[in-house]
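J.: kindly generate the corresponding structure for this input.
(one chain, ligands or ions: 1)
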Amino acid sequence: MAQGSTAIGIDIGGTGIKGGIVDLETGALLSDRIKLPTPQGGRPNDIATVTTQVLTRLDAEDPDAPIGVCFPAVVKNGKTMSAANISQDWIGFDAEAFFEKELGHGIRFVNDADAAGYAEVKYGAAKGRQGVVILTTLGTGIGTAIIVDGLLVPNTELGHLEIDGYDAESRAAYSAKEREKLDWKQWAKRLNRYYAELDKLFTPDLYIVGGGVSKNFADFAGLLTSPTPFVAAAFRNNSGILGAAALAAGR
Ligand code: BGC
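T.: Predicted coordinates:
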């Protein structure tokens, strides 16, 4: 494969740190998807150690391949500005510079939902779509990316809307379904309340459902009541890896 046509994407999540080598033309994964558990406590040093292990396992042929890392926090100019399901140590932390030092390689550091949204615009379910598209990742938390006529509005953090007195993700994320042992119908009720709020605020043209549970989209798609159409993320839970890689390569 020609140099410059691949990049590495790493997606740091609440439960796993995932990585892959990405074909920048098509968004296809060219390697196995490596996944290691996120260390307890989610502190910067521990996360950097596991991220290095993921990179070592990927064993990329091109030592100059760009590396993109996406992360579950607000990321502004390489700094992490929030910490919802990770250690508070990340607040106001110069994460991009820290990882560059730890990994010994330049990187691009971005929010995980933004990376997923970027991949879906570039290669997947939002490609060529006009209007307002909202990608929601339903996982440990709820991540959001708003895409307007193909352009991403970063750091929207709509998983933390306050709905009925609750932080929305604490009720409607996939982790809430697991924690409270909700069946699809019970969980869909929570999702419907959540999407009704997004409908009210944004009147979007399309929702893209990403995150780990997007592979089970068929189990709950028919229970969703919003008038806005829904599709599953084309790359399911790999969108973050692909988007981080594409952003790192400046594609
Ligand atoms: C974080 C977001 C992140 C989302 C999904 C939320 O708790 O605040 O930054 O995108 O989880 O990981």
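
J.: so how many other residues sit close to Asp46?
T.: 14 (other CB atoms under 10 Å). For every residue, glycine as well, the C-beta is placed using N, CA and C.

J.: what strand or helix carries it?
T.: helix 44-58 (DSSP states H and E).

J.: what residues does the very next helix or strand once past that helix touch?
T.: Remark: after helix 44-58, the chain's next helix or strand is strand 67-71, criterion DSSP H and E. By CB atoms under 8 Å, 6 or more residues apart in numbering, the list of residues contacting strand 67-71 from outside reads 7-12, 51, 55, 80, 90, 95, 99, 103, 105-112, 114-116, 240-241, 243-249.

J.: cool, and stretch 115-128?
T.: Counting by CB under 8 Å, 6+ apart, 9, 11, 26-27, 68, 70, 110, 129, 133, 135, 137, 143, 145-147, 150, 152, 206, 208, 210, 231-235, 239-244, 246-247, 251 sit against stretch 115-128.

J.: quick one, which of the residues you listed are buried?
T.: 9, 11, 27, 68, 70, 110, 129, 133, 135, 137, 143, 145-147, 152, 206, 208, 210, 231-235, 239-244, 246-247, 251 (16 or more other CB atoms under 10 Å).

J.: which ones among those residues lie within strands?
T.: 9, 11, 68, 70, 110, 133, 135, 137, 143, 145-147, 152, 206, 208, 210, 231-232 (DSSP state E).

J.: which of these are close to the ligand?
T.: 137, 143 (CB under 6 Å from any ligand atom).

J.: so which bits of the longest helix anywhere in the chain are buried?
T.: For the chain, the helix with the greatest residue count under DSSP state H is helix 184-202. For helix 184-202, burial by neighbour count (16+ other CB under 10 Å) applies to 184, 187-188, 190-191, 193-195, 197-198.

J.: any chance of the backbone angles for the nearest residue to Ala188 once chain neighbours are set aside?
T.: In space, and not counting its chain neighbours, Ala188 is closest to Leu223: 3.5 Å by CB to CB, 6 or more residues apart in numbering. Torsion angles at Leu223 (phi, psi; degrees, to the nearest 10) stand at phi -100, psi -10.

J.: count of neighbours near Leu223?
T.: Leu223: 14 neighbours (other CB under 10 Å).

J.: need the contact list for it.
T.: 184-185, 188, 191-192 are the contacts of Leu223 under CB under 8 Å, 6+ apart.
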